[in-house]
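Visitor: Got a predicted model here, sequence first, then my questions.
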Amino acid sequence: MENYLEYIDAYFQRMLDPEEIKRFEQKITEDKEFADEVAFYLSAKQSLKAEGDREKKEWFRQLLAQQKPVINIDRNRLARKVWLYRVSAAAAVIICVFLAWSMFFSKPASPQQMAESYINENFKTLSIKMGEKDSLQEGLRLYNEGQYDSALQQFESMIQRDTGNYKVKNYLGIIYLRLGNYDKALQYFKQFEDDTLYANPSQFNQALTLLKRNMPGDKQKAKELLEHVRDQDLDGKEIALKLLDKW
């Protein structure tokens, strides 16, 4: 799901799977900006319908005002009128849609919107190693198939056997982030933030989670984490720079 308008339209067109529908409806209650976008979408859609209805009524009114039976109207003339009406109505709809899209995309993306986009694009599926069959790969397979509860059980069982496995902690954090359990996601991401790793996404993922949770103080804390990622050249620096530009 990558921009809001397509995501919202997919929901109302019944194109989302049950898990995505659940996250969509939860997001409306948790994210005021997203709720405003949904309200805008519905308002624009209603306006387009009202405009179409008004055009139809006006055309039929003019037709009846000619004071002669429709059956006596020249067929070619009537066909031209119908064609002109359809072209005019289509043009009106196109203009309204264009204006709605322009208004939507002219709004500068907020850090929260950018974080949402990044999560949807990069955490929708996780990389697996083809040909390998072990507990880790099985957990990733379950995640990629949308079986989040089963993936959680798999990874939590692994972390009990190997409490220092930072990869499993990171995967657990990502799953809880996708499920909207931000406190639990932060709990796992924080567990390996001080580990000496070649690529450590802990602080970057914490920042994403805080931007998603969006509670008082979360945005400022996320900014501090992103600044640390930037200054220490940590994993996620490139995206961190783009997010910081939005403050």
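Guide: Everything's here; your move.
Visitor: which stretches of this structure aren't confidently modelled?
Guide: Applying pLDDT under 70 to the chain picks out residues 1-4, 47-108.
Visitor: And it, what are its domain boundaries?
Guide: Using automatic domain parsing, the domain ranges for the chain come out as 4-106, 115-244.
Visitor: Tell me the secondary structure at Ala44.
Guide: Recorded secondary structure, Ala44: helix (DSSP: H, G, I helix; E, B strand; the rest coil).
Visitor: separation between it and Glu116?
Guide: Going from Ala44 to Glu116 by C-beta to C-beta, to the nearest Å gives 21 Å. Where you see a C-beta, it was placed from the backbone N, CA and C, and this is true even at glycine.
Visitor: Helices along this protein, start to end?
Guide: 4-12, 18-30, 32-64, 75-106, 111-122, 135-144, 148-161, 166-179, 182-190, 202-213, 218-231, 237-244 (DSSP state H).
Visitor: looking at those helices, which is buried most?
Guide: Most buried of these, by mean neighbour count (mean count of other C-beta atoms under 10 Å): helix 202-213, with a mean of 25.
Visitor: for that one, packing partners?
Guide: Counting contacts by 3 or more C-beta pairs under 8 Å, 6 or more residues apart in numbering; DSSP states H and E, helix 202-213 is packed against helix 111-122, helix 166-179, helix 182-190, helix 218-231, helix 237-244.
Visitor: now what about it, what contacts it?
Guide: The contact list for helix 202-213 (C-beta atoms under 8 Å, 6 or more residues apart in numbering) reads 111-112, 115-116, 118-119, 170, 173-174, 177, 180, 182-183, 185-186, 189-190, 192-193, 195, 218-219, 221-223, 225-226, 228-229, 234-236, 239-240, 243.
Visitor: picking that back up, got JSON lines for the helices and strands packed on helix 202-213, with distance to Gln153 too?
Guide: JSON lines is the format used below for the helices and strands packed on helix 202-213 (distance: least, C-beta to C-beta, whole Å):
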{"stretch": "helix 111-122", "distance to Gln153": "22"}
{"stretch": "helix 166-179", "distance to Gln153": "11"}
{"stretch": "helix 182-190", "distance to Gln153": "14"}
{"stretch": "helix 218-231", "distance to Gln153": "29"}
{"stretch": "helix 237-244", "distance to Gln153": "30"}
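Visitor: Is it correct that Tyr148 is in contact with Arg178?
Guide: Yes. Counting by C-beta atoms under 8 Å, Tyr148 touches Arg178, with 6.7 Å between them.
Visitor: check contacts around the nearest residue to Leu179 once chain neighbours are set aside.
Guide: In space, and not counting its chain neighbours, Leu179 is closest to Tyr148: 5.9 Å by C-beta to C-beta, 6 or more residues apart in numbering. By C-beta under 8 Å, 6+ apart, Tyr148 lies in contact with Glu19, Leu142, Ile175, Arg178, Leu179.
Visitor: For Asn200, state which of those is nearest.
Guide: Using C-beta to C-beta, Ile175 comes nearest to Asn200 of the contacts of Tyr148, at 18.6 Å.
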